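>>> coords please:
(2 chains)
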There are 2 protein chains.
Amino acid sequence: MTETAPDFAAITAAQARIRDRVHRTPVISSGLLNDVTGADVHFKCENLQKVGAFKARGASNAVFGLTNAQAAGGVATHSSGNHGAALAQAARERGIAAHIVMPATAPAVKKAAVAAYGGLIIECEPTLAAREQTLERVVAATGAHVVHPYADPRVIAGQGTLALEVLEQVPDLDVLVVPVGGGGLLSGVALAVKHLRPDVEVVAAEPEGADDAFRSFGLGALQPSVAPRTIADGLLAGLGAINFGIIQRHVDTILTVSDAEIVQAMRLQWSRLKTVVEPSGAVSFAALLAHPERFRGRRVVAVISGGNLDLDNLPW
Amino acid sequence: MTETAPDFAAITAAQARIRDRVHRTPVISSGLLNDVTGADVHFKCENLQKVGAFKARGASNAVFGLTNAQAAGGVATHSSGNHGAALAQAARERGIAAHIVMPATAPAVKKAAVAAYGGLIIECEPTLAAREQTLERVVAATGAHVVHPYADPRVIAGQGTLALEVLEQVPDLDVLVVPVGGGGLLSGVALAVKHLRPDVEVVAAEPEGADDAFRSFGLGALQPSVAPRTIADGLLAGLGAINFGIIQRHVDTILTVSDAEIVQAMRLQWSRLKTVVEPSGAVSFAALLAHPERFRGRRVVAVISGGNLDLDNLPW
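Residues are numbered from 1 along each chain as shown, chains lettered A, B, ... in the order given. Next up, the predicted model:
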C-alpha cells in the first residue's frame, strides 16, 4: 500500500472495476423535507448499497485491484463497523479469506454481519493499540494483505465513485453534503467533484462529539481525535493523514451537528422517506437542519452513507 | 355511491384519472430474502406512495371523480388509519374540505397525519356504531360526500391501479401476494390481474387474529369480524360485501399468518431492504415466510401496503 493520494483517473478506474460488483444506488426526495429545509434536497441512498453502506465501494475496489500474488493470503483489517462487513463480502466474491479484527465489545449485530459474509473474526481488547497489534499478528500468521478502512488510496478512489453517480443523477446540483469520520468517503468524493465540477460546493458534516476533522480543517494541521463520543458510531475514527491532505485542497467547509440534531434528522428520514438510516447516515441531513441558512433555495445532495443499526436499540 | 362492483374499464379509467396525482412506486428485491424464502421475491413499495400507503390511489380516484356538485360539500369518512389521511390529502389537492371521523382512542400519530393534510377531525367513541352515527351527523350538517375506505367501487378501482403497474414492472410474475383487511386493495388488484393475466395466481394474506376474509372465503358466505385483534392495525376492518363478491370470483387462496410471523417479516424487511414497513404492510411477506412451500422457485410479487407507524412503539 502506498500513501500517495489517488488522482481522478484512479476514481474512473475504480468505477470500471467495481461497476458490476456494487449497486448504482438511487436518489430520492420528499416534498415535505424540502418544505422543512427550504432547499431542494436529494438523498443519495448508500443505505441501499451492498452490505448496507458505501464501504462496499472502497472494499471492492481494493480487493479486486489486488494481483493474484497479493490476494493469495487473503485480506485483513480492523474494524468495528461497516468496513469489516464490506471487506468480508468483497473477499468472498473474490474467493479469498477475510480476517477482521474486532473489539470484543463490538455490537453483536456488527459481528453477525461480518460472519454472515464469511469473514473470520479475531477478537481483541477495545483499544486502538490492541487492534493494531492484533492485526499485525494476523498478518504475520496468514500473509494477509491489509486494507485500511479509509487511509488507503484504493479505498478513497472506490468511495469517490459515489460522486460520479451523483453528478449524473442530479446534474444541476449546487452543493453536496457528505459525512466525515476517518475521511475516506469525503476525500474521494471531494476529489472527484472538484475535478469535474469545481463550481459545486462540497460540505462535510461531522458530529460535535467527534470533531477532529472540523478542528484540523480550521487550524490547517491534523489534530488528534481524543475520546470521541457520538451516537454516530460510524464516524468515531480519527481523520487519516492522506485523507486530510485531500480534504484541505478540495473541501469547502465542515459543519458540525449535535447528537440531538442527528437523531432528529434520522427520525425525519425514517418517517418521511420510509428509509432506514443509521445515525452516521443521518449526519448530512442533520447539517441541513442545523444550518438551514446555508442551503435555502439551493439544490442539495445529502449522502445517506449507511443503514445498518441495531433495531433493538433505537435512539428515541 | 352505487354498490355495483367496478369492471376492468373502471380501473383503467382510474389510472388515467390519478396518474399525475399518485406515485408509480418502485419494486425492490434482496438476494438474501430470496435465499431465505427460496423464491424470486419482488416487493411493490406502497410505503413510498403518497401519504405512505396505497390508500392514496382509491381516495384520489374517488375525490377527482366527483362532479363539482358532488364535491361542493366536501368529502367525509370514518377511519382510524391511512384512508383518512389519503382522503384529506386528495381533498386538499382538489380544494375541498375533508371531514374525518376518528375514534378518540386513535393513535396521536394517525391524528397528526390527518391534520397535517388539512383534514378536519371529528372525534367519536371507539365503536363502529358511534363512528357511523357521527359520520351521519357530519353529512347531515355539511352535505359532505361519503367515501368509504373500501366498500366503494371507486375506491376499489383506484386500488386496482396498483396491479397495472406490477404487471408492467414484473411482467413474468407467477404469483401476487396482497394483504386483506376490508378488501379494497385485494378486490381491485384481483379484478385487474385476472382480466389481464388469468394465469397469475392471486394470494391474499390475512392476520390470524382478524381472519374473517379467510373464514368467509372458505365457507362461501360473508362472515362477521368479531373482536379482531392483531398487530396489523390496518387490517382490523371487516370484509366488505362488495369486496367479498369480487374476491370470491377472482382470488385463488387466502393464507393466514400469526402476529409473531408478521413481526419477523417486518423486521427482516427493515434490516434487509432498509425500508420502513408498517405491520399491515409486512403481512404479505409474512405469508411467504409462513408458507414457503407454496412459493419456492416461483417469481413472487409481495405488496408492501404501507409504511406509517409510531416509531416510538415498535413491536420488538
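>>> any idea how far residue A:53 is from chain B?
To chain B, residue A:53 is 10 Å away according to Cβ to the nearest Cβ, to the nearest Å. C-betas here are computed from N, CA, C, even on glycine.
>>> Report the beta-bridge partners for that residue.
On the basis of DSSP bridges, residue A:53 is bridged to residue A:306.
>>> hey, where'd the strands end up in the stretch 201-316 of chain A?
Using DSSP state E, counting those that start in this stretch, the strands of the stretch 201-316 of chain A run over A:201-207, A:253-257, A:299-304.
>>> Check which strands are paired with the first one and give the direction for each one.
Pointing back at strand A:201-207 there. Here strand A:201-207 has these sheet partners by DSSP bridges: strand A:175-179 (parallel), strand A:253-257 (parallel).
>>> Tabulate the strands of the stretch 201-316 of chain A (JSON lines), appending mean neighbour count and mean pLDDT.
Below are the strands of the stretch 201-316 of chain A laid out as JSON lines (neighbours: other Cβ atoms under 10 Å in any protein chain shown; pLDDT from 0 to 100):
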{"stretch": "strand A:201-207", "mean neighbour count": "27", "mean pLDDT": "98"}
{"stretch": "strand A:253-257", "mean neighbour count": "21", "mean pLDDT": "98"}
{"stretch": "strand A:299-304", "mean neighbour count": "26", "mean pLDDT": "98"}
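>>> Include distance to residue A:311 when you put the ones you listed into TSV, please.
Shown next, in TSV, are these (distance: least, Cβ to Cβ, whole Å):
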stretch	distance to residue A:311
strand A:201-207	21
strand A:253-257	23
strand A:299-304	17
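>>> one step back: got a markdown table for the strands paired with strand A:201-207, with distance to residue B:199 too?
Compiled in a markdown table, those are given as follows (distance: least, Cβ to Cβ, whole Å):
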| stretch | distance to residue B:199 |
| --- | --- |
| strand A:175-179 | 48 |
| strand A:253-257 | 54 |
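>>> among these, which is nearest residue B:15?
strand A:175-179 (37.1 Å; Cβ to Cβ).
>>> Give the buried residues for the next helix or strand after the closest one.
Counting by DSSP states H and E, the next helix or strand C-terminal to strand A:175-179 is helix A:184-196. If you call a residue buried by 16 or more other Cβ atoms under 10 Å in any protein chain shown, then helix A:184-196 has these buried ones: A:184, A:185, A:186, A:187, A:188, A:189, A:190, A:191, A:192, A:193, A:194, A:195.
>>> Give me the angle between helix A:184-196 and strand A:201-207.
170 degrees (axes from the mean of the first three to the mean of the last three Cα atoms, to 10 degrees).
>>> How many residues are close by the closest residue in space to residue A:264 that isn't next to it in sequence?
Of all residues not flanking residue A:264 in the chain, residue A:289 sits nearest, at 6.5 Å (Cβ to Cβ, 6 or more residues apart in numbering or on different chains). The tally of other residues near residue A:289 (other Cβ atoms under 10 Å in any protein chain shown) stands at 18.
>>> correct me, but residue A:289 touches residue A:36?
Yes: counting by Cβ atoms under 8 Å, residue A:289 does reach residue A:36; the two are 7.4 Å apart.
>>> Contact residues of chain A facing chain B?
Taking Cβ under 8 Å from any Cβ of the partner chain as the contact definition, chain A meets chain B at A:26, A:45, A:47-48, A:52, A:267, A:270-271, A:274-276, A:307, A:311-312, A:314, A:316.
>>> From the residues you listed, pick the one nearest residue A:92.
Distance to residue A:92 across the residues of chain A next to chain B (Cβ to Cβ) is lowest for residue A:52, with 15.6 Å.
>>> got a list of what that closest one touches?
A:82, A:85, A:306, A:307, A:308, B:274 (Cβ atoms under 8 Å, 6 or more residues apart in numbering or on different chains).
>>> now, among the residues you listed, which is nearest to residue A:104?
Once Cβ to Cβ is applied, the member of these that ends up nearest residue A:104 is residue A:85, at 17.5 Å.
>>> For that closest one, grab phi and psi.
Dihedral pair for residue A:85: phi -60, psi -40, per degrees, to the nearest 10.
>>> quick one, what contacts it?
A:51, A:52, A:53, A:55, A:110, A:113, A:114, A:116, A:117, A:119, A:308 are the contacts of residue A:85 under Cβ under 8 Å, 6+ apart.
>>> same thing but at 10 Å, please
A:50-53, A:55-56, A:59, A:79, A:98, A:100, A:110-117, A:119, A:308 (Cβ atoms under 10 Å, 6 or more residues apart in numbering or on different chains).
>>> So which of those residues are in helices?
A:55, A:56, A:59, A:110, A:111, A:112, A:113, A:114, A:115, A:116 (DSSP state H).
>>> for those residues, which one is nearest residue A:250?
residue A:55 (20.7 Å).
>>> contacting residues around residue A:79?
Contacts of residue A:79 by Cβ under 10 Å, 6+ apart are A:55, A:59, A:85-88, A:100-103, A:106, A:110, A:114, A:119, A:131, A:135, A:147-149, A:237.
>>> Can you give me the separation between it and chain B?
Taking Cβ to the nearest Cβ as the measure, residue A:79 falls 19 Å from chain B.
>>> repeat for residue A:166
For residue A:166 relative to chain B (Cβ to the nearest Cβ), the value is 19 Å.
>>> what's the helix or strand for that residue?
Assigned by DSSP H and E, residue A:166 falls in helix A:153-169.
>>> likewise residue A:35?
Residue A:35 belongs to helix A:31-37, assigned by DSSP H and E.
>>> for that helix, the distance to its chain's centre please.
Chain-centre distance of helix A:31-37: 25 Å, with Cα atoms, centre = their mean, to the nearest Å.
>>> same for that helix, what does it pack against?
For helix A:31-37, the packing partners by 3 or more Cβ pairs under 10 Å, 6 or more residues apart in numbering or on different chains; DSSP states H and E come out as strand A:40-45, helix A:259-268, helix A:283-290, strand A:299-304.
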